[in-house]
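Peer 1: only the shape, not the letters, is given here:
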């Protein structure tokens, strides 16, 4: 196309100047640059951006990118790697390859389904109302059953959460695992002491990724909807009572995921509910901890992020061997961890 344009302009050059020929059509400097390149026998157009002096195979770049630490939204180490490869690949193309690899990791996630009630509970805190009251519910992950009396306080305090956990463990029987976010009120010394006293293993979400605790995140939305519906009735009852009534409503819905049964029926079914005595809990506690220690010895990178991801992977592997969870292909809306390999939990 460009050579044809130059040919036509050259014919018109007999009667007009280059500036007159290009007026309103093309920049004269562009035409002169094309003409000079055509006479020199070089390509008329070149790819925008700085010229890369050292050709590098795409597979090599992708292999280096795969070794980076990929999170759900960001990838660590890209600045240093691009500084090393900047002579061989454009920044835009490098960023595209990083985004593709991160998406590949997300697409390869698995969904974990908890099978045995009493195995694991989930804990989180949410704000509600103009007063920003802090509501902290506990939920059984397999039965989708919310403990009847969520903690309602004006502020989120680790000591009060620890007292609440201790009360619920004594009343309902402690689970083997407790999933919770990395927020400081949920990971304070008082909470850790309660978990150790009852031989409960913590399972924390990745930093800044609460979707890992997806079951209770969904439960929070349902809970707030049920609470809003109750408050629209303008009943003059304390907030703690409204919270318990909303919880009762959620626990007695028939769910397709539970085979048409209610969370209350599944949770209180003695044939399905897991109850561990002290000796069994201590054995599991030591077994999982030892496996984590062996895994850590083989880790090439050791930092808090890597330790947390390794702990999640060890726990998930142990749970699969016990038959307490099942792993299926990920659907489009599931949530994830950032461990290797990736898992989502509901």
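Peer 2: Noted; the coordinates are in hand. Given the structure is predicted, the values throughout are model-derived calculations rather than measurements. Numbering: from 1, shown residues only.
Peer 1: care to break this protein down by domain?
Peer 2: Annotated domains of the chain cover 2-40, 58-107, 111-345 [automatic domain parsing].
Peer 1: let me know which of those domains is tucked in deepest.
Peer 2: domain 111-345 (a mean of 17; mean count of other CB atoms under 10 Å). All C-beta spots, glycine's among them, are computed from the backbone N, C-alpha and C.
Peer 1: ok, back up a step: now the domains of the chain as JSON lines including mean pLDDT?
Peer 2: What follows is those, written out as JSON lines (pLDDT from 0 to 100):
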{"stretch": "domain 2-40", "mean pLDDT": "64"}
{"stretch": "domain 58-107", "mean pLDDT": "82"}
{"stretch": "domain 111-345", "mean pLDDT": "82"}
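Peer 1: residue 294 belongs to a helix, doesn't it?
Peer 2: Yes. Assessed with DSSP: H, G, I helix; E, B strand; the rest coil, residue 294 lies in a helix.
Peer 1: mind starting the numbering at 441 from now?
Peer 2: All right, first residue 441 from here; so that's residue 734.
Peer 1: contacts only, for it.
Peer 2: Counting by CB atoms under 8 Å, 6 or more residues apart in numbering, residue 734 makes contact with nothing.
Peer 1: now the strands for this structure?
Peer 2: 509-510, 515-516, 550-554, 560-563, 566-568, 573-576, 578-580, 585-586, 591-593, 617-620, 641-644, 765-769, 783-785 (DSSP state E).
Peer 1: gap between the nearest residue to residue 571 once chain neighbours are set aside and residue 568?
Peer 2: The shortest distance from residue 571 to any non-neighbouring residue, by CB to CB, 6 or more residues apart in numbering, is to residue 594 (7.3 Å). Applying CB to CB, to the nearest Å, the value for residue 594 to residue 568 is 11 Å.
Peer 1: also residue 763?
Peer 2: 37 Å.
Peer 1: what's the answer for residue 554, then?
Peer 2: For residue 554, the distance to residue 568 - CB to CB - is 26 Å.
Peer 1: and what of residue 633?
Peer 2: 28 Å.
Peer 1: try residue 481
Peer 2: Relative to residue 568, and taking CB to CB, residue 481 is found at 74 Å.
Peer 1: now do residue 508
Peer 2: 40 Å.
Peer 1: one more: residue 759?
Peer 2: Going from residue 759 to residue 568 by CB to CB gives 32 Å.
Peer 1: residue 636 now?
Peer 2: Separation of residue 636 from residue 568 (CB to CB): 31 Å.
Peer 1: over to residue 502?
Peer 2: Residue 502 is 47 Å from residue 568, by CB to CB.
Peer 1: also residue 682?
Peer 2: Using CB to CB, residue 682 is found at 10 Å from residue 568.
Peer 1: identify the contacts common to the two.
Peer 2: residue 667.
Peer 1: next up, the contacts around residue 689.
Peer 2: Counting by CB under 8 Å, 6+ apart, residue 689 has contacts 666, 670.
Peer 1: with residue 712 instead?
Peer 2: By CB under 8 Å, 6+ apart, the neighbours of residue 712 are 556, 557, 706.
Peer 1: next one: residue 721
Peer 2: Going by CB under 8 Å, 6+ apart, residue 721 touches 614, 616, 638, 639, 640.
Peer 1: so the first one is in contact with residue 637, correct?
Peer 2: No. Taking CB atoms under 8 Å as the definition, residue 614 is not a contact partner of residue 637, at 9.3 Å.
Peer 1: state the distance from the residue nearest to residue 732 when sequence neighbours are not counted to residue 562.
Peer 2: Closest residue in space to residue 732, ignoring its immediate chain neighbours: residue 754 at 4.6 Å, by CB to CB, 6+ apart. Residue 754 is 19 Å from residue 562, where distance means CB to CB.
Peer 1: so the closest residue to residue 615 other than its chain neighbours versus residue 571, what's the distance?
Peer 2: Leaving aside its sequence neighbours, residue 615 sits nearest to residue 561 (CB to CB, 6+ apart; 4.4 Å). Distance check for residue 561 against residue 571: by CB to CB, it reads 27 Å.
Peer 1: and the helices in the protein, which stretches?
Peer 2: Taking DSSP state H to define them, one finds helices in the chain at 442-452, 458-462, 468-480, 498-506, 518-525, 531-547, 598-612, 629-637, 654-671, 679-691, 703-707, 718-737, 744-762.
Peer 1: and those helices: which comes nearest residue 586?
Peer 2: Shortest distance between residue 586 and the helices of the chain, using CB to CB, is found for helix 679-691: 5.1 Å.
Peer 1: starting at the chain centroid, how far to that closest one?
Peer 2: Centre-to-centre, helix 679-691 and its host chain are 29 Å apart (CA atoms, centre = their mean, to the nearest Å).
Peer 1: and the angle for that helix with helix 654-671?
Peer 2: 120 degrees (axes from the mean of the first three to the mean of the last three CA atoms, to 10 degrees).
Peer 1: I'd say the residue nearest to residue 732 and residue 730 touch.
Peer 2: No. Between residue 754 and residue 730 there is no contact under CB under 8 Å: 9.8 Å.
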